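[1] Can you look at this prediction? I've put the sequence above it.
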Amino acid sequence: MTIGILSTGFYLPSTIMTSEEIAEKAGLPLEVVESKMGIKKKTVPGPGDHTCAMGIQAAQKAIGKAGIEPKDIDVVIYVGEEHKEYLLWTAGIKLQEEIGAYNAWAFDVSLRCGTTIMAMKLAKSLMETDPSIKTVLLAGGYRNSDFIDYENSRTRFMFNLAAGGGAVILQKNLKKNVVLETAIITDGSFSEDVIVPVGGTIEPLTGESLGRYKLDVTDPEGMKRRLEQKSMDHFIKVVRESLYQSGFDEKDISYVAMLHMKKSAHRYVLKELGLTEEQSIYLEEYGHIGQFDQVLSLELAEERGKLKDGDVVVLVSAGIGYAWGATTILWGNS
């Protein structure tokens, strides 16, 4: 049995935040924003660009590209963020209704910026074990940039957070863009390093605490010391493990669809895998759209002619918590 990517879809808000605007808000030199952080511009939500709504837009594009009817979808997995239209709300059910997937059942999953890769592994397992599930839609939106305070230097590494929606349609017995194996690492020792400190049960949101309803880092120096090399090592480890389980190694890689991070980290991963910068796309014109960076990277790579039949493609993610993931895909018709 094969599970393949039938299509992808992406939605980008029309509203842009430039590197100059970020530099001004953060009180940083423009050179630092563009060269070190790797941000020339990024998408930010405009009116109507709500989280699930952006996922609906992306899903509709993916369905149109696939040439299927929404009623052909058996399961909808919402892979967007917790920060969405309403609290305590299952966004996947709303998305299912809006796209007309009336024969599907839906649910939400989350692993921060590792959600899409984790959900691909989950969707593949569902299709392999349940004969009734033939087509699965993964879709959602991201606008965690709402939680960034540009005057808080502790969250500087998250100034790249942007907005958008992404979707992937997976289909059973599709011998195209075959999804192979996924490797995931989670490390709970970082689970409380990056948080929104108020608004949960520990410290409920009040009028007095409203100004702290933003992302923050509880121990910036300690986290940097503990995470920096471990993160890079885990990036490489999940890629190699995914490849190995799929019957390949790094010399077989044709393209890496990687999340947006600082330029030095991006280049480090490519160098460690023996790849050139032409074998990936650095998302400096978009920013970090959370768990949808890999989908965007794939779409850009297709547009730019970087993918061909038989290519070994690896999707790579990392999410606060911390979690690292990689999925290997045998691209094109097989």
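    Happy to help now that I have it.

[2] doesn't Val239 make contact with Gln245?
    No - using CB atoms under 8 Å as the test, Gln245 is too far from Val239 to be in contact (11.2 Å). (C-beta placed from N, C-alpha, C; glycine too.)

[3] residue contacts, Tyr78?
    The neighbourhood of Tyr78, defined by CB atoms under 8 Å, 6 or more residues apart in numbering, consists of 52, 55, 90-92, 95, 106-109, 139-140.

[4] if you skip the residues just before and after it, what's nearest to it?
    Gly92 (3.2 Å; CB to CB, 6 or more residues apart in numbering).

[5] Share the number of residues neighbouring Ile185, please.
    Using other CB atoms under 10 Å, Ile185 has 18 neighbouring residues.

[6] tell me the contacts of it?
    234, 237-238, 323-325.

[7] that older thread, pick out whichever of Gln245 and Val239 has more residues nearby.
    Val239 (27 against 14).

[8] so how many other residues sit close to Glu285?
    Using other CB under 10 Å: Glu285 sits among 14 other residues.

[9] cool, Ile133 as well?
    18.

[10] Report whether it is found in a helix, as I expect.
    No - Ile133 sits outside any helix when classified using DSSP: H, G, I helix; E, B strand; the rest coil, being coil.

[11] Tell me which residues touch it, please.
    With the criterion set at CB under 8 Å, 6+ apart, Ile133 makes contact with 74-75, 126-127, 172.

[12] need the residues you listed in TSV with neighbour count, secondary structure and distance to Thr276, can you?
    Conversion of the contacts of Ile133 to TSV gives the following (neighbours: other CB atoms under 10 Å; DSSP: H, G, I helix; E, B strand; the rest coil; distance: CB to CB, whole Å):
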residue	neighbour count	secondary structure	distance to Thr276
Asp74	20	coil	40
Val75	25	strand	38
Leu126	18	helix	36
Met127	24	helix	35
Lys172	20	strand	35
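
[13] how about the residues you listed, which pair is most distant?
    Using CB to CB, the two most remote members of the contacts of Ile133 are Val75 and Lys172, lying 11.2 Å apart.

[14] Can you work out which residues contact both of those two?
    With CB under 8 Å, 6+ apart as the test, Val75 and Lys172 both reach 133, 135.

[15] just to revisit the earlier point, from the contacts of Ile185, which is closest to Ile5?
    The shortest gap between Ile5 and any of the contacts of Ile185 belongs to Gly325, at 16.1 Å (CB to CB).

[16] ok, and the closest non-adjacent residue to the closest one?
    Ile117 (3.9 Å).

[17] Confirm that the one you found sits in a helix.
    Yes - counting by three-state DSSP, Ile117 is found in a helix.

[18] List the residues that contact it.
    Under the criterion of CB under 8 Å, 6+ apart, the contact partners of Ile117 comprise 182, 184, 291, 294, 315, 317, 325-327.

[19] how about a cut-off of 6 Å?
    Listed by CB atoms under 6 Å, 6 or more residues apart in numbering, the contact partners of Ile117 are 315, 317, 325, 327.

[20] So which residues of the stretch 101-250 of the chain form helices?
    If DSSP state H, counting those that start in this stretch is used as the criterion, the helices of the stretch 101-250 of the chain fall at 115-129, 220-245.

[21] mind checking which of the ones you listed is nearest Ser19?
    Of the helices of the stretch 101-250 of the chain, nearest to Ser19 by CB to CB is helix 220-245, at 22.8 Å.

[22] Run the angle between that closest one and helix 115-129 for me.
    For helix 220-245 and helix 115-129, the angle between their directions (axes from the mean of the first three to the mean of the last three CA atoms, to 10 degrees) works out to 30 degrees.

[23] Could you check the pLDDT of Glu203?
    Glu203 carries a pLDDT value of 96.

[24] Next, count neighbours for it.
    Glu203 sits with 12 neighbouring residues when counted by other CB under 10 Å.

[25] same check, this time on Glu303
    What Glu303 shows, counting by other CB under 10 Å, is a neighbour count of 10.

[26] Now do the phi/psi pair for it.
    Phi and psi for Glu303, reported as degrees, to the nearest 10, are phi -60, psi -40.

[27] and if you look at Ile133?
    Its backbone dihedrals place Ile133 at phi -100, psi 110, with angles given as degrees, to the nearest 10.

[28] ok, back up a step: from the contacts of Ile185, keep the buried residues only.
    Of all these considered here, the ones buried according to neighbour count by 16 or more other CB atoms under 10 Å are 234, 238, 323-325.

[29] can I get the residues you listed in TSV with distance to Tyr86 and pLDDT?
    TSV is the format used below for those (distance: CB to CB, whole Å; pLDDT from 0 to 100):
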residue	distance to Tyr86	pLDDT
His234	34	94
Val238	33	97
Ala323	25	96
Trp324	30	97
Gly325	28	98
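
[30] Report the contact partners of the residue of the chain most remote from its centre.
    Taking CA atoms, centre = their mean as the measure, the residue most remote from the mean C-alpha position of the chain is Glu208, 33.3 Å away. By CB under 6 Å, 6+ apart, no residues touch Glu208.

[31] mind checking how far it is from Val198?
    In this structure, Glu208 lies at 9 Å from Val198, with CB to CB, to the nearest Å as the measure.

[32] Just list the residues touching the residue nearest to Tyr78, thanks.
    The neighbourhood of Gly92, defined by CB under 6 Å, 6+ apart, consists of 76, 78, 106-108.
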